[in-house]
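1. Here you go, sequence then predicted model.
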Amino acid sequence: MSAKAEGRKAVFITGAASGIGLACAKRFVAEGWFVGLSDIDAVGLKAALVAIGPAHGAIFKLDVRDRAAWTTALTNFAALTENRVDVLLNNAGVARFGPFESHDDADIDLQLDINIKGVVNGARAALPFLKATPGSRLINISSCAGLYGSPSLAVYSATKFAVRGLSEALDIEWKAHGVGVACVMPWFVETPILNASQPGSNANMSDVLKAGGLPVYPVEDAAEVIWRAVHGRDLHYFVGKRAKQMRFASSHMPGALRKQLRSRPPMTP
């Protein structure tokens with residue numbers, strides 16, 4: 001039998017089996033919230049529930065590409081929370097690194113389907129629950145790759161621009177529903193996404209970034225910013241000092257930023 005919220009605020013998190021999603025689950029539980037942990041990784045979900053404590057959440061195996069599965073998962077979650085969903089955290093995402101031409105159709109489709117369609121599906125499925133919960137908030141995880149096109153991350157970057165655009169539009173549209181929207185844009189964070197390697201290379205993205213002297217921030221930093229986004233009223237939130245620098249450069253020095261990006265070795269943003 002699943003635990004119930006019993007009066008606690010409720011957050012539903014995608015990609016919750018690891019990385020930023022799991023760090024956020026722990027952060028919310030520490031503040032007394034009830035957490036819906038969702039992911040395609042059933043084994044990882046069970047471990048995540050143990051990590052936060054079974055009394056503090058419930059698990060939902062969810063492929064964010066599946067619209068019907070979204071409705072089922074949120075309906076089942078709401079049954080445990082007295083029909084309240086205070087926050088939907090659209091966190092699930094994937095990346096493929098390397099030159100644009102090195103990616104096959106499956107790599108490209110996977111990024112488009114999870115990073116864009118998955119976020120759209122979540123927003124659509126969650127809206128009725130968010131509308132029914134006073135003070136609710138939609139939090140979409142974009143990336144600094146959504147500020148300026150990132151070499152070796154072309155398709156991923158395109159998807160994160162889309163998440164940013166969706167968030168900016170819904171921030172305006174959903175004001176009429178009393179639902180807040182925030183777009184969180186991290187610099188690189190130490191998550192399983194960085195374990196992927198470029199085709200033909202044994203080095204993963206995390207290794208290459210660190211070898212190039214670029215920072216990789218801990219997941220706890222992202223969780224703290226997301227916690228602030230839940231309680232704030234801003235639209236854009238940035239994780240890491242480098243993210244704020246990227247925001248400034250993309251707005252005020254786009255030519256210099258483009259020159260800097262072109263001078264870097266492949267696989268760096």
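-> Sure thing, it's come through.
2. Can you give me the neighbour number for the closest residue to residue 100 other than its chain neighbours?
-> Once flanking residues are discounted, residue 100 sits nearest to residue 154: 4.4 Å by CB to CB, 6 or more residues apart in numbering. For the C-beta atoms, the positions are set from N, CA and C on the backbone; glycine is no exception. For residue 154, the neighbour count with other CB atoms under 10 Å is 18.
3. What pLDDT is listed against residue 154?
-> For residue 154, the model assigns a pLDDT of 94.
4. contact partners of the helix or strand where residue 155 lies?
-> Assessed by DSSP states H and E, residue 155 sits inside helix 154-173. Helix 154-173 is touched from outside by 90, 93, 95-97, 100, 103, 107-108, 111-112, 115-116, 119-120, 123, 138, 140-143, 145-147, 149-150, 180-183, 185, 235, with contacts defined as CB atoms under 8 Å, 6 or more residues apart in numbering.
5. Would you map the helices across the stretch 101-250 of the chain?
-> Counting by DSSP state H, counting those that start in this stretch, the stretch 101-250 of the chain has helices at residues 105-111, 118-131, 154-173, 205-211, 219-231, 241-252.
6. could you dump these to CSV with distance to residue 7?
-> What follows is the helices of the stretch 101-250 of the chain, written out as CSV (distance: least, CB to CB, whole Å):
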stretch, distance to residue 7
helix 105-111, 39
helix 118-131, 17
helix 154-173, 28
helix 205-211, 41
helix 219-231, 18
helix 241-252, 36
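7. separation between residue 235 and residue 255?
-> Computed as CB to CB, to the nearest Å, the residue 235 to residue 255 distance reads 26 Å.
8. more crowded one of the two?
-> Higher neighbour count among residue 235 and residue 255: residue 235, with 16 against 8, using other CB under 10 Å.
9. Now the more buried one: closest residue in space, sequence neighbours ignored.
-> residue 171 (5.1 Å).
10. which parts of stretch 85-92 are buried?
-> By neighbour count on 16 or more other CB atoms under 10 Å, the buried set for stretch 85-92 is 85, 86, 87, 88, 89, 90, 91, 92.
11. residues in contact with the closest residue in space to the first one that isn't next to it in sequence?
-> Beyond its immediate neighbours in the sequence, the residue positioned closest to residue 85 (CB to CB, 6+ apart) is residue 129, lying 3.9 Å away. For residue 129, the contacting residues are 74, 78, 83, 84, 85, 88, 136, taking CB under 8 Å, 6+ apart as the criterion.
12. Select only the buried ones of the residues you listed in PyMOL?
-> Buried members of these, defined by 16+ other CB under 10 Å, are picked up in PyMOL with:
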select buried, resi 74+78+84+85+88+136
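13. Of the contacts of residue 129, just say which sits nearest to residue 194.
-> Taking CB to CB as the measure, residue 88 is the one of the contacts of residue 129 closest to residue 194, at 24.8 Å.
14. That closest one looks like it's in a strand, true?
-> Yes - according to DSSP: H, G, I helix; E, B strand; the rest coil, residue 88 belongs to a strand.
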